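J.: Generate coordinates for the sequence data below:
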Amino acid sequence: MPRAVSDGGENLDDDDGSRTDSTGAHRVRFPPEKGLLDAFAGAVKDMLFAGDDPLRQYKEQPSWAGRAWLGLQHVFPVLDWGRRYTLDDFKGDLVAGLTIASLCIPQDIGYSKLANLPPEIGLYSSFVPPLIYTLMGSSRDIAMGPVAVVSLMLGTLMQNEIDPKKHPLEYRRLAFTATFFTGITQAALGFFRLGFIIEFLSHAAIVGFMAGAAITIALQQLKGFLGIRNFTTRTDVVSVMKSIFKSAHHGWNWQTILIGASFLGFLLFTKYIGKKKKKLFWMSAIAPLVSVILSTFFVYITRADKHGVAVVKNIEKGVNPPSASLIYFSGPFLLKGFKIGLVTGLIALTEAIAIGRTFAAMRGYPLDGNKEMVALGTMNVVGSLTSCYITTGGFGRSAVNCMAGCKTAASNMVMSVIVLLTLLFITPLFKYTPNAILSSIIISAVLGLIDYKAAYRIWKVDKLDFLACLGAFLGVVFSSVEYGLLIAVAISIAKILVQATRPKTALLGNLPRTTVYRNIEQYPEVTTVPGVVIVQVDSAIYFTNSNYVKERILRWLNEEEERQRERKFPRIEFLIADLSPVGDIDTSGIHALEELFRTLEKRKIQLILANPGPAVIQKLSSAKFTELIGEDKIFLTVGDAVKKFAPKVVDCV
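T.: Presented below is the predicted three-dimensional model:
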């Protein structure tokens, strides 16, 4: 039978084998001791397998063939849902795929320009990677392809290394190298189940980063929107505005502005209609393609390209050429490609996982984040070998995919086929497409990344979270996307450190006519117990916060002594530490409790512990702290401790 800590009463065995004292109160029990290997294995399992045990379903299979088939289904989920695929599913995926194709084709051309890459590479990136995701992805709703934020980050980081105009081939090679290492990074995180790393970028930081990136992207598009020839390569708002105003008298083209403003108004109007009436979502989905067709036809018949209107010109016809030989596997650009791929890959991964989880929760199906990382990583590795740049799940096209009635990931395959047909037969028709319309499409798309409602909610809920949000936003807007990201991560980690080193503590009081003890700030009606101070620690006690916890408890004691002295209460004789929220403790924490015990002993105040958890009581026993304090000073609840040491108060309740 596991040991139980005595509280000074007679040991009694109940019929069910539990241990109680002479008053009938249950006492603190010791958990079974674990060996070093068992404890380590348990900690690793909790860290890497927070959800279900991934090996459980294999253990239930009696044959090796069944286990092998489960393994294949794990890597290729299409083998699972494909067996149940119906004609109705295909109809839904066909409509959704056609719809997102009409949205993604013009977006892909614009996003590739955002990354300073040829427009056909944007189309390549919506052909091969979505096919891979259809086979390996587990989300039914997420639509794959280039996205604005990642394209901007990639273009910004790469042009710091290579000039895309002077050295286009080297620039393209660096893009494929970065994409390759993006895939390796993402797949490795998923394979080794290290997805928790991306959790260091908090939701608040992501909201601020995305909003700042949206404004930066929109400002960058003013070059094409206004018809400016010479434009700054910097992304901060000050440099961009200077470049715009310097070219105001001689660099703007009124025909370009007319085209851009007209179709931007059309795009925003259709987006507004789609939000107001969900059944008309298709209007905002096909609006970009309609805008491209109409603006291209307008430029062709008026020959506006002869009057200063910049056009896309030629887009290479044909499918993705192989690019494995173009990746830098040696030389100085190898490390640069790895660094760029690592940064952009984590951002792409964060965006895709967040979007996937959102739609999975909305539609009520499970989503394995680590499996998604492997799928995304494999998709980008294959993409880097077939002339694609970094792809991930975009919120805009995923939302359209969901609203269009997609049933499975096969909608990505339908979109991919449409892009293939575009590459084979339609790309010459984009010759007269004005750059202004691509800028308008990107501006209308990225405005949805500015989630002011979420920012306001963050402000109302947590001011420290809002500081992370604001810091990321200002960093992107006034410096660069990489500094904004760095600020976001730094503030998020700083918040973790503050919470870890300065945990919450609270003074508890008794709710009248009950044996319940609660925070006196949250429940003003509670009453303090004369002669007793009850303090609750709301965090694990580690070396980072052990000294603070000790000092904060003593401060609560001093403040309560003054308060009870003013009320002419008896001298404080007992300090009860409620350890129920304390999940763990280390040797520094135990040392701090020992110092607290000795300090209180000098002041003739007894230290009482209430409800220590299994890990805590096990370590306190191993360190012989239970012998130091006395096993009769450890109780299951605060109520039991008060009943033992302040019985008159309990009788009055």
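
J.: what residues are up against Phe473?
T.: The neighbours of Phe473, taking CB atoms under 8 Å, 6 or more residues apart in numbering as the test, are 208-209, 211-212, 484. The way it works is simple: take the backbone N, C-alpha and C, and place the C-beta from them, glycine included.

J.: List just the nearest of the residues you listed to Asn380.
T.: Nearest to Asn380 out of the contacts of Phe473 is Phe209 (CB to CB; 20.7 Å).

J.: sec struct for the closest one, please.
T.: Taken by DSSP: H, G, I helix; E, B strand; the rest coil, the conformation at Phe209 corresponds to helix.

J.: quick one: buried residues of stretch 74-87?
T.: Across stretch 74-87, burial judged by 16 or more other CB atoms under 10 Å covers 74, 77-78, 81.

J.: Which residues does it contact?
T.: Contact with stretch 74-87 is made by 54, 69, 72-73, 134-138, 371, 374, 408-410, as judged by CB under 8 Å, 6+ apart.

J.: Kindly report the same for stretch 440-451.
T.: Stretch 440-451 is contacted from outside by 106-107, 110-111, 114, 148-149, 207, 210-211, 213-215, 217-218, 221, 225, 260, 263-264, 267-268, 271, 288, 291-292, 395-396, using CB under 8 Å, 6+ apart.

J.: Just the buried ones from these?
T.: Buried subset of these (neighbour count, 16+ other CB under 10 Å): 106-107, 110-111, 114, 148-149, 207, 210-211, 213-215, 217-218, 221, 225, 260, 263-264, 267-268, 271, 288, 291-292, 395-396.

J.: re the thing from before, most widely separated two among the contacts of Phe473?
T.: Farthest pair in the contacts of Phe473, by CB to CB: Ala211 and Gly484, 10.1 Å.

J.: Next, the closest residue in space to Ala490 that isn't next to it in sequence: phi, psi?
T.: Nearest non-adjacent residue to Ala490, counting by CB to CB, 6 or more residues apart in numbering: Gly471, 8.0 Å away. Note on Gly471: backbone dihedrals following degrees, to the nearest 10 are phi -60, psi -40.

J.: distance of Ala409 from Val238?
T.: 43 Å (CB to CB, to the nearest Å).

J.: Neighbour count: the two, which is higher?
T.: Each of Ala409 and Val238 has its neighbours counted (other CB atoms under 10 Å); Ala409 has more, 26 against 12.

J.: Any figure for the gap between the more buried one and Gly394?
T.: Applying CB to CB to Ala409 and Gly394 gives a distance of 15 Å.

J.: got it, and Gln255?
T.: Relative to Gly394, Gln255 is positioned 31 Å away (CB to CB).

J.: Between those two, point out the one with more neighbours.
T.: Gly394 (28 against 17).

J.: residues touching the closest residue in space to that one that isn't next to it in sequence, list them.
T.: Ranked by CB to CB, 6+ apart and with sequence neighbours excluded, the top spatial neighbour of Gly394 is Val147, at 4.2 Å. Applying CB under 8 Å, 6+ apart, we find Val147 in contact with 111, 348, 351, 391-394.

J.: which strands and helices sit next to the longest helix anywhere in the chain?
T.: With secondary structure taken from DSSP state H, the chain has its longest helix at helix 332-363. On a contact count with 3 or more CB pairs under 8 Å, 6 or more residues apart in numbering; DSSP states H and E, helix 332-363 meets helix 148-159, helix 168-191, helix 369-384, strand 392-393, helix 395-403, helix 481-501.
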